[in-house]
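Enquirer: Turn this into a model:
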Amino acid sequence: MVRNLSGKILIVFLLSVACVFGQSKVGSTSAPFLNIGIGPRAISMGGAFVATASDVSSLYWNPAGASRSDINEAMFSHSSWFADINYNWAGAMLKLGDAGTVGLNLTYLDYGDMEITTLAEQDGTGQFFSAHDLSMGLTYAYNLTDRFSLGGTVKYIQSKIWNTSASAFAMDLGVLFHSDIYGLRIGATITNFGTGMKMDGKDLLVQHDIDPNNYGNNDQILASLQTDEFPLPLTFRIGLAMDVLNNEEHRVTLAADALHPNDNDESINVGGEYMFNNLIAFRVGYKSLFLDNSEEGLTAGVGLNYNFTSDFGVRVDYAYQDFGMLDYTQHFSLGIKF
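Expert: Alright, predicted model coming up:
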């Protein structure tokens, strides 16, 4: 009966996603930073991680995966993005026994300080302003059976440029199924389902003449520039992962994800991981297959996993991601298991 219920939940989930995307259309979206992957392990596997997610980075990739871990874990991830932009992510998850798993995460994209320019001082005024994007999420995951898991995240999203900002609330939903066929796993997620974002703030205040043809009227009436509202980057992912080799010393995992976003065409991510003695990992992948005009492509990385005791360990990971004409990005993370 429980297995039948699990299958019905998966079918309802996929049908709901189809209905949501049937109402969407390709176009511009707000908060594009939400599409930047986190964690060197997942990034070095080409972002093919929706069915592999089982560590703390699952809070981003598939919240259902958080319930598959048998330990508590925290991680900090840093990415050196383009134009000296810093992209940071921190997350932690705590096991609640049979009651499931809870997690918290924070994403922060810092654009740095930029000099203010005006029509009169186009080379700069000597004053500076800052801009950032952030997302804060709360996750809950639960093993419905020993093979089928559900998870969800509610999150607050904000984009800010000087004194102007926009915010939104959204949710991520994920399912994960572990089969008994050579460790085959099937995962699916829908991410960033929520409200639109519209910029507002005192930087949009201007002085306006409502009747410029009438001489002598008040030509300095305070007005506010109106901005359009844009939807969040809604994305549906479905993925497969399999341990094609798994023994005491060696594990080889192959994975593939198919993506259907509301702001771009469909694409496929593929990747693999080789783990030796649960100590050293080597990873490689390819991102955005079949996506025209994409600068993304080859990914690679390494990881070190060391357990000091049965209850405490650390993990260090690194990833390289090629961006074609845009050069490349590098990603680092430090994880603690407790």
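Enquirer: Please give me every residue in contact with Gly271.
Expert: For Gly271, the contact set (C-beta atoms under 8 Å, 6 or more residues apart in numbering) comprises 44-49, 254-256, 283-286, 299. Quick note: C-beta positions are derived from backbone N, CA and C, even for glycine.
Enquirer: any chance of those residues in TSV, with distance to Asp265 and secondary structure too?
Expert: Formatted as TSV, the contacts of Gly271 follow (distance: C-beta to C-beta, whole Å; DSSP: H, G, I helix; E, B strand; the rest coil):
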residue	distance to Asp265	secondary structure
Ser44	24	helix
Met45	22	coil
Gly46	17	coil
Gly47	16	coil
Ala48	18	coil
Phe49	20	coil
Leu254	24	strand
Ala255	21	strand
Ala256	17	strand
Arg283	26	strand
Val284	24	strand
Gly285	19	strand
Tyr286	17	strand
Thr299	20	strand
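Enquirer: So which of the residues you listed is the closest to Leu234?
Expert: Distance to Leu234 across those (C-beta to C-beta) is lowest for Gly47, with 16.8 Å.
Enquirer: Neighbours of the closest one, how many?
Expert: Residue crowding around Gly47 was assessed by other C-beta atoms under 10 Å; the count is 29.
Enquirer: Likewise for Gly137?
Expert: Neighbours around Gly137, by other C-beta under 10 Å: 22.
Enquirer: same check, this time on the one 4 residues further on
Expert: Other residues near Ala141 number 27, with proximity taken as other C-beta under 10 Å.
Enquirer: Who are the packing partners of the helix or strand where it lies?
Expert: According to DSSP states H and E, Ala141 maps onto strand 128-143. Contacts defined by 3 or more C-beta pairs under 8 Å, 6 or more residues apart in numbering; DSSP states H and E place strand 128-143 against helix 58-61, strand 101-115, strand 148-161.
Enquirer: quick one: Leu232 is in a strand?
Expert: No. Membership of Leu232 in a strand is not supported by DSSP: H, G, I helix; E, B strand; the rest coil, which gives coil.
Enquirer: From Trp89, how far off is it?
Expert: As for Leu232, its distance to Trp89 is 18 Å (criterion: C-beta to C-beta, to the nearest Å).
Enquirer: Can you redo the helices and strands packed on strand 128-143 as a markdown table, where the extra columns are distance to Thr29 and mean pLDDT?
Expert: Shown next, in a markdown table, are the helices and strands packed on strand 128-143 (distance: least, C-beta to C-beta, whole Å; pLDDT from 0 to 100):
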| stretch | distance to Thr29 | mean pLDDT |
| --- | --- | --- |
| helix 58-61 | 18 | 98 |
| strand 101-115 | 15 | 95 |
| strand 148-161 | 12 | 97 |
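Enquirer: Rebuild the ones you listed as a markdown table, extending it with mean neighbour count and distance to Leu34.
Expert: As requested, the helices and strands packed on strand 128-143 are exported to a markdown table (neighbours: other C-beta atoms under 10 Å; distance: least, C-beta to C-beta, whole Å):
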| stretch | mean neighbour count | distance to Leu34 |
| --- | --- | --- |
| helix 58-61 | 31 | 9 |
| strand 101-115 | 17 | 8 |
| strand 148-161 | 20 | 7 |
